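# Next comes the sequence, and after it the predicted model I'd like to discuss.
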Amino acid sequence: MSSRSGSRVRRLRTVDDVPTHSPEDSIPGHPSQAVVPITQGASFAASASSSVAETPSWGRGTGRRGPSRGATERRLEPGHKWNVRVIGGYGVGEQETNCISRMGIVIILHCKIWQKNFSKLPEETKNGIFRDLEMWHCWDRTPQTDKEMLQHMTAMHKGWRGMLKSKHYKGKTFENAVASVPLGVDPSDWRTMCQKWNSMEEQDIAERNKQNRTHQNMTYRRGRTSIYQLKYYFVKTHQREPDRMEVFRMGRCKDLPDGTQQWVDDENRDRFERMTQMTTPSLQSDDAAPVSAEDAFVAVMGRDRPGRVCCAGKAETLHTWYGRGESSSGSYHTQV
């Protein structure tokens with residue numbers, strides 16, 4: 001489908017039918033017209049059939065770029081929502097980008113740029129966030145999932161704030177930074193944020209965080225794709241759950257199109273090679289007992305600490321990972 005504007009042919013684009021806010025919810029500079037934060041992964045599976053929408057009121061000649069360039073997105077029939085599976089505050093499935101974009105829009109709409117811990121937001125604000133998300137998505141909502149989703153959205157907001165700081169604040173004088181208002185951000189809110197960054201307290205925090213980052217040695221390299229989404233892809237491809245070595249590798253190594261591997265750093269590559277040597281019979285002595293992937297991982301990385309399973313994602317605990325019985329990471333027993 002195309003239309004003419006002067007002598008040029010323009011291809012029309014289609015998007016979702018979107019639930020709209022009531023007039024009292026609308027604000028100047030609505031974040032749906034802004035660059036929204038895209039972070040670690042979440043996804044959705046469609047529960048309704050798709051169809052083609054009418055030509056939207058955005059695109060070339062309207063002054064609005066629209067949600068994406070040349071994209072044709074699925075739309076939901078009236079009364080239908082996307083089904084969501086939430087793990088550790090992240091959505092998992094086939095359409096994670098749609099989820100992350102919606103969460104980014106909603107939190108910018110309801111939260112100030114400088115707000116950090118969303119679990120401490122007023123109940124009215126939190127209810128507004130989930131109300132808007134539930135206009136689009138349906139998930140098994142519990143107090144625990146609410147808590148985990150708020151933690152995830154806090155991290156998303158922090159990443160977006162850091163991106164704005166890098167592009168519009170760092171390397172500029174205070175006056176120039178205040179004048180460099182990001183797209184979609186209220187100028188008065190941006191001035192307040194610049195004042196906070198310019199305070200001695202925030203500068204001390206930034207310096208301390210910079211020093212702490214130098215001590216990190218377990219870098220995750222898959223960017224915005226969460227470990228839960230990577231495990232989802234693995235199960236879909238191999239029809240089984242990944243073992244500890246495979247979970248370690250999927251978050252720190254990327255298979256390139258030319259068949260080579262790109263590790264996040266030499267240290268993590270060496271760790272994986274040591275695990276592989278321990279589990280490969282041809283590299284062991286004849287009288288050596290077989291070593292499982294779990295035992296090799298523990299031998300290289302150490303035992304899991306209480307309440308946390310190394311490299312498996314924040315949602316995993318000793319109970320969820322090992323279940324009933326004793327794990328190879330130590331004397332872990334679960335009474336069910």
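That came through, no problem.
# Low-confidence ranges, the stretch 151-300 of the chain, go.
Applying pLDDT under 70 to the stretch 151-300 of the chain picks out residues 215-224, 283-288.
# now the strands: where do they sit in it?
Under the criterion DSSP state E, counting those that start in this stretch, strands of the stretch 151-300 of the chain are mapped to 253-255, 261-263.
# Give me the buried positions along the first one.
Looking back up the chat, that one is strand 253-255. For strand 253-255, the neighbour count (16 or more other CB atoms under 10 Å) marks Cys253 as buried. (Glycine included, C-beta is placed from N, CA and C.)
# elements contacting that strand?
strand 261-263, helix 266-279 (3 or more CB pairs under 8 Å, 6 or more residues apart in numbering; DSSP states H and E).
# so which of these is the most packed in?
Ranked by mean neighbour count, the helices and strands packed on strand 253-255 are led by helix 266-279 with a mean of 16 (mean count of other CB atoms under 10 Å).
# pull the CA atoms of that one into PDB?
What follows is helix 266-279, C-alpha atoms only, in PDB (Å, rounded to 0.1, in the frame of the first residue of the first chain):
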ATOM      1  CA  ASP A 266      39.900 -13.900  28.400                       C
ATOM      2  CA  GLU A 267      39.200 -14.800  32.100                       C
ATOM      3  CA  ASN A 268      35.700 -16.100  31.400                       C
ATOM      4  CA  ARG A 269      37.000 -18.000  28.400                       C
ATOM      5  CA  ASP A 270      39.700 -19.700  30.500                       C
ATOM      6  CA  ARG A 271      37.100 -20.600  33.100                       C
ATOM      7  CA  PHE A 272      35.000 -22.400  30.500                       C
ATOM      8  CA  GLU A 273      37.900 -24.200  29.000                       C
ATOM      9  CA  ARG A 274      38.900 -25.500  32.500                       C
ATOM     10  CA  MET A 275      35.300 -26.800  32.900                       C
ATOM     11  CA  THR A 276      35.400 -28.400  29.500                       C
ATOM     12  CA  GLN A 277      38.700 -30.200  30.200                       C
ATOM     13  CA  MET A 278      37.200 -31.600  33.400                       C
ATOM     14  CA  THR A 279      34.100 -33.000  31.600                       C
END
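# tell me what that helix is packed against?
Here helix 266-279 touches helix 244-250, strand 253-255, helix 293-301, going by 3+ CB pairs under 8 Å, 6+ apart.
# how much space between the nearest residue to Asp189 once chain neighbours are set aside and Ser188?
In space, and not counting its chain neighbours, Asp189 is closest to Ile113: 5.4 Å by CB to CB, 6 or more residues apart in numbering. Going from Ile113 to Ser188 by CB to CB, to the nearest Å gives 11 Å.
# same thing with Gly251?
According to CB to CB, Gly251 and Ser188 sit 40 Å apart.
# related to what we said a few turns ago, out of the helices and strands packed on helix 266-279, which is the most enclosed?
helix 244-250 (a mean of 22).
# which residues touch it?
222, 227, 230-231, 234, 242, 268, 271-272, 275-276, 279, 293-294, 296-298, 301, 311-312 (CB atoms under 8 Å, 6 or more residues apart in numbering).
# what do you get if the cut-off is 7 Å, keeping everything else the same?
Residues outside helix 244-250 that contact it (CB atoms under 7 Å, 6 or more residues apart in numbering): 230-231, 234, 242, 272, 275, 293-294, 296-297, 311-312.
# quick one, what contacts the residue nearest to Asp189?
Taking CB under 7 Å, 6+ apart as the test, what Ile113 contacts is 161, 185, 189, 193.
# Just the buried residues out of these, in PyMOL syntax.
This is how PyMOL selects the buried members of these, with burial counted by 16+ other CB under 10 Å:
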select buried, resi 161+185+193
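# ok, the contacts of Ile113 vs Glu316, which is closest?
Arg161 (27.7 Å; CB to CB).
# Any figure for the gap between the closest one and Gln115?
Using CB to CB, we find Arg161 at a distance of 9 Å from Gln115.
# now swap in Ile205 and tell me
15 Å.
# ok, the nearest residue in space to Asn117 that is not next to it in sequence - contacts?
Leaving aside its sequence neighbours, Asn117 sits nearest to Thr154 (CB to CB, 6+ apart; 6.0 Å). Contacts for Thr154 (CB under 7 Å, 6+ apart) come out as 116-118.
# Save these as a markdown table, and put in neighbour count and distance to Tyr169 too.
Below are the contacts of Thr154 laid out as a markdown table (neighbours: other CB atoms under 10 Å; distance: CB to CB, whole Å):
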| residue | neighbour count | distance to Tyr169 |
| --- | --- | --- |
| Lys116 | 11 | 17 |
| Asn117 | 11 | 22 |
| Phe118 | 22 | 22 |
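# Would you reformat the helices and strands packed on helix 266-279 as CSV and include distance to Ile107?
Shown next, in CSV, are these (distance: least, CB to CB, whole Å):
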stretch, distance to Ile107
helix 244-250, 28
strand 253-255, 29
helix 293-301, 34
